[in-house]
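S.K.: below is the structure, and that's it, no one-letter string:
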């Protein structure tokens, strides 16, 4: 991370270096890496004509991208020693949540030395001045360490709240995908991978086939479209490749907050088709990608879900046009996105129920866990997540929770079968005209 010491000496000179012995110093450590070509702009402003204490001087720190001229961060506050002063620089910096640590160093614990040095500095602006005096310090290049798959894996599986989904933008770095695949294998959650919107359809298909995920928790999406940036102010601005992963995860989050009285999310509804349009600014399909029957069939065989423009009777919308996972099967429910989500969700919730009742005596565990599992599965059935199945005796689920034969005193065995809701991808229309 960016750890810097800013030193103001007794003659008013500001530099990067050790604050020991400085008339005034700032030691800070940022959470983020700022990279190269970044400068720190320092300004002091007097609030009175002849300041005699720190509360009468305001310090403004601005981190600037020198290539683009953009402001990265800005912190401003007075130099009061009083920790109860909410407008002090120390308190304002702490409230920003961008610093790992932020400390002010007062030379010899003396206001007089600090104020005298500030008044001599080229960064000082007296009261009623134009406020243009400043000093810019070019920061040392600060790059993050190389990618560490184990660190990513351990960080994600150690989160207190299990994520509902993980998104990966692009397949440029297979080691990142491999690390995330380990995560979803541990947490049993979906991984949505967005292919580069600039790819040709043949390249996208080849990439999906070479990935060969073969897992119902992995979903590939592709948006061969262009759009304008969210903050574009001109109607004639240049269009950019239209990435939709964030939009898609947002639509899923909005769907997931719709719950039943038993707190079951409505994940039986796939985020696809006409009910879930993608509404990015000036969204336009690429001219070089034509969705004829052959292309649509090839994309479906590669199990790529494409965001494309479709003309409905309710109007033209950009929608997710398929709901396939990377699961290899022609008949399994797990090849459909919403069924795969339901399978993951029900497995994880049942596992949490078992975990909650662990270390009870065996009879209490079987009774309490069995009761809670039945209650949960009935709530899923009421919410439409699971449906009646012929193989289950026209019931939505079957389960048994019994002591394990080999270790009946310390282990139990759970068998759970259920039929998740699916999604309609095709229709056979027998069109008959009679007399």
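M.R.: It's in. Source: prediction; values computed, not measured. Numbering: from 1, shown residues only.
S.K.: is residue 28 located within a helix, as I assumed?
M.R.: No - secondary structure assignment (DSSP: H, G, I helix; E, B strand; the rest coil) places residue 28 in strand, not in a helix.
S.K.: what about the closest residue in space to it that isn't next to it in sequence, which SS state?
M.R.: Residue nearest to residue 28 in three dimensions, not counting chain neighbours: residue 102, with 4.7 Å by CB to CB, 6 or more residues apart in numbering. For every residue, glycine as well, the C-beta is placed using N, CA and C. Going by three-state DSSP, the secondary structure assigned to residue 102 is strand.
S.K.: residue 102 and residue 5, how far apart?
M.R.: 12 Å (CB to CB, to the nearest Å).
S.K.: what sits in contact with each of those two?
M.R.: Common neighbours of residue 102 and residue 5 are listed as 26, 27 (criterion: CB atoms under 8 Å, 6 or more residues apart in numbering).
S.K.: rewinding a little: now that the residue nearest to residue 28 has come up, it's in contact with residue 90, right?
M.R.: Yes - the pair formed by residue 102 and residue 90 meets the contact definition of CB atoms under 8 Å, at 6.7 Å.
S.K.: now residue 194. Nearest residue, chain neighbours left out?
M.R.: Counting by CB to CB, 6+ apart, residue 194 lies nearest to residue 245, which is 4.1 Å off, once chain neighbours are set aside.
S.K.: so what's the one you found up against?
M.R.: Contact criterion CB under 8 Å, 6+ apart gives 167, 168, 169, 192, 194, 221 as the residues in contact with residue 245.
S.K.: so can I have a markdown table of those showing pLDDT?
M.R.: Listed next are these as a markdown table, based on pLDDT from 0 to 100:
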| residue | pLDDT |
| --- | --- |
| 167 | 96 |
| 168 | 96 |
| 169 | 94 |
| 192 | 97 |
| 194 | 97 |
| 221 | 97 |
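S.K.: can I get the residues you listed in JSON lines with neighbour count and secondary structure?
M.R.: Shown next, in JSON lines, are these (neighbours: other CB atoms under 10 Å; DSSP: H, G, I helix; E, B strand; the rest coil):
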{"residue": "167", "neighbour count": "18", "secondary structure": "strand"}
{"residue": "168", "neighbour count": "18", "secondary structure": "strand"}
{"residue": "169", "neighbour count": "14", "secondary structure": "strand"}
{"residue": "192", "neighbour count": "20", "secondary structure": "strand"}
{"residue": "194", "neighbour count": "22", "secondary structure": "strand"}
{"residue": "221", "neighbour count": "20", "secondary structure": "strand"}
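S.K.: what's the closest of those to residue 43?
M.R.: Of all those, residue 43 sits closest to residue 169, with 37.9 Å by CB to CB.
S.K.: the closest one and residue 146: what is the separation?
M.R.: In this structure, residue 169 lies at 19 Å from residue 146, with CB to CB as the measure.
S.K.: same check, this time on residue 265
M.R.: Applying CB to CB, the value for residue 265 to residue 146 is 38 Å.
S.K.: again, but for residue 353
M.R.: Relative to residue 146, residue 353 is positioned 41 Å away (CB to CB).
S.K.: neighbour-wise, which of the two wins?
M.R.: Legend: neighbour count by other CB atoms under 10 Å for residue 353 and residue 146, higher for residue 353 (18 against 5).
S.K.: which stretches of the chain form helices?
M.R.: For the chain, helices defined by DSSP state H occupy the ranges 89-96, 111-120, 149-157, 174-187, 201-211, 245-256, 293-301, 337-356, 362-382.
S.K.: hmm, who's touching the fourth one?
M.R.: Under the criterion CB under 8 Å, 6+ apart, residues 147, 149-150, 152-153, 156-157, 162-163, 166, 168, 171, 190-191, 193, 211, 213, 215, 217-218, 348 lie in contact with helix 174-187.
S.K.: and what of the shortest one?
M.R.: When contacts are taken as CB under 8 Å, 6+ apart, the neighbours of helix 89-96 outside the stretch itself are 28, 59, 61, 73, 75-79, 83, 85-86, 99, 102-104.
S.K.: from the contacts of residue 245, pick the one nearest residue 428.
M.R.: Among those, and counting by CB to CB, the member closest to residue 428 is residue 221, at 27.0 Å.
S.K.: bridging residues for that closest one?
M.R.: With DSSP bridges as the criterion, residue 221 is bridged to residue 194, residue 305.
S.K.: I figured it was touching residue 247, is that so?
M.R.: No - applying CB under 8 Å, one finds residue 221 not in contact with residue 247, separated by 10.4 Å.
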